[in-house]
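Engineer: Okay, sequence plus prediction incoming.
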Amino acid sequence: MFVNVKNVTKKFLGVNVLDDVSFDINLGGRIAMMGPNGAGKTTLIRAILGFYHIDEGKIEVNGFDPIKDRVKVLPNISFIPQLPPPIKISLEEMISFITKSANISREMIFEESNKMDLNLKKNLHKQFFKLSGGMKQKLLIAIALSKKSSLLVFDEPTANLDPKAREHFYKLLEKLDEDCSTLFITHRLDEIKGLVNRQIYMDLGKVIEDEKI
Ligand SMILES: Nc1ncnc2c1ncn2[C@@H]1O[C@H](COP(=O)(O)OP(=O)(O)OP(=O)(O)O)[C@@H](O)[C@H]1O
Ligand SMILES: [Mg+2]
């Protein structure tokens, strides 16, 4: 998947949270995005997903506007937010909703959960928001990987995972299709170094470093 971000500025309360940001994601691009707290990383990926209106500039995903053409853009993206949403339905209901609304099979979600060491069957009756932080993260990862998207956008997906689960997760990523593009926000470059081919560093709403590795 191609993403083109051109001269994007986004203000919150009159302050530039994104300040004239430009960068592209190419087919098969594997990107680690880093930078201090408050740099604008989450805001940038949320803008790419069409969750925010931008004040200046242009964003295109496969040539489409992520807000106006969200129906064309979102089916090809798997996104894991920095904080799991407080979903107040059971895992059973959640999985049933997901398999009906997106092209994801129930078996696949169980398979991927299993690979992440999450016992889905045992927890189906539980409400999502009552899972532990790491279990939520595992389920979101399992769903994201079951979707077979051409772009994965993960906002610090391993923050709540124990070391074993983190290792599992990195192993799963190694098996992704060559054409699949990934954008991971992370504070642990050393851990994902083998999985990325480019690192982007943001600070104060700007991309201040963008290099191949
Ligand atoms: N919805 C919002 N309303 C007002 N200000 C916001 C909003 N979202 C983000 N901000 C501000 O934008 C700035 C950048 O936030 P952002 O979440 O993009 O940072 P980040 O780089 O992801 O940081 P972290 O590493 O802590 O996750 C911060 O100063 C934050 O307070
Ligand atoms: Mg963030």
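Structural biologist: Looks like it came in fine. Ligands and ions are numbered 1, 2, ... in the order given.

Engineer: could you say what helices and strands the worst-scoring helix or strand of the chain on mean pLDDT packs with?
Structural biologist: Least confident helix or strand, the chain: helix 189-192 with a mean of 85, by mean pLDDT, DSSP states H and E. Counting by 3 or more Cβ pairs under 8 Å, 6 or more residues apart in numbering; DSSP states H and E, the packing neighbours recorded for helix 189-192 are strand 30-34, helix 163-174. Every residue, glycine included, has its C-beta placed from N, CA and C.

Engineer: Determine how far it lies from the middle of the whole chain.
Structural biologist: On the basis of Cα atoms, centre = their mean, to the nearest Å, helix 189-192 sits 16 Å off its chain's mean C-alpha point.

Engineer: Now do the buried residues in it.
Structural biologist: The neighbour-count check on helix 189-192 (16 or more other Cβ atoms under 10 Å) flags 191-192 as buried.

Engineer: who's in contact with the helix or strand following that helix?
Structural biologist: As assigned by DSSP states H and E, the chain's next helix or strand after helix 189-192 is strand 198-203. Strand 198-203 is contacted from outside by 21, 23, 29-36, 39-41, 44, 189, 207-213, using Cβ atoms under 8 Å, 6 or more residues apart in numbering.

Engineer: So residue 169 is in contact with residue 154, correct?
Structural biologist: No - between residue 169 and residue 154 there is no contact under Cβ atoms under 8 Å: 9.4 Å.

Engineer: Can you check which residues contact both of those two?
Structural biologist: By Cβ under 8 Å, 6+ apart, the residues touching both residue 169 and residue 154 are residue 141.

Engineer: Sketch out the low-pLDDT regions of this protein for me.
Structural biologist: 1 (pLDDT under 70).

Engineer: Mind checking if the least confident helix or strand of the chain is in reach of ligand 1?
Structural biologist: No - Helix 189-192 lies out of reach of ligand 1 by Cβ under 6 Å from any ligand atom, never closer than 13.6 Å.

Engineer: Now residue 166: closest residue in space that isn't a chain neighbour?
Structural biologist: Using Cβ to Cβ, 6 or more residues apart in numbering and skipping the chain neighbours, the partner closest in space to residue 166 is residue 158 (4.8 Å).

Engineer: how close does the one you found sit to residue 73?
Structural biologist: Using Cβ to Cβ, to the nearest Å, one gets 26 Å for the distance from residue 158 to residue 73.

Engineer: Now do stretch 169-187: distance to the chain's middle.
Structural biologist: Centroid displacement of stretch 169-187 relative to its chain, using Cα atoms, centre = their mean, is 10 Å.

Engineer: and this structure, which residues reach ligand 2?
Structural biologist: 41-42, 82 (Cβ under 5 Å from the ion).

Engineer: helix or strand for the residue in the chain that ligand 2 sits nearest to, which one?
Structural biologist: Residue nearest to ligand 2 within the chain (Cβ to the ion): residue 42, separated by 3.1 Å. Using DSSP H and E, residue 42 falls within helix 41-48.

Engineer: Just the buried positions in the helix or strand following that helix, please.
Structural biologist: Note on helix 41-48: by DSSP H and E, the next helix or strand toward the C-terminus is strand 56-61. Within strand 56-61, the residues scored as buried using 16+ other Cβ under 10 Å are 57, 59-61.
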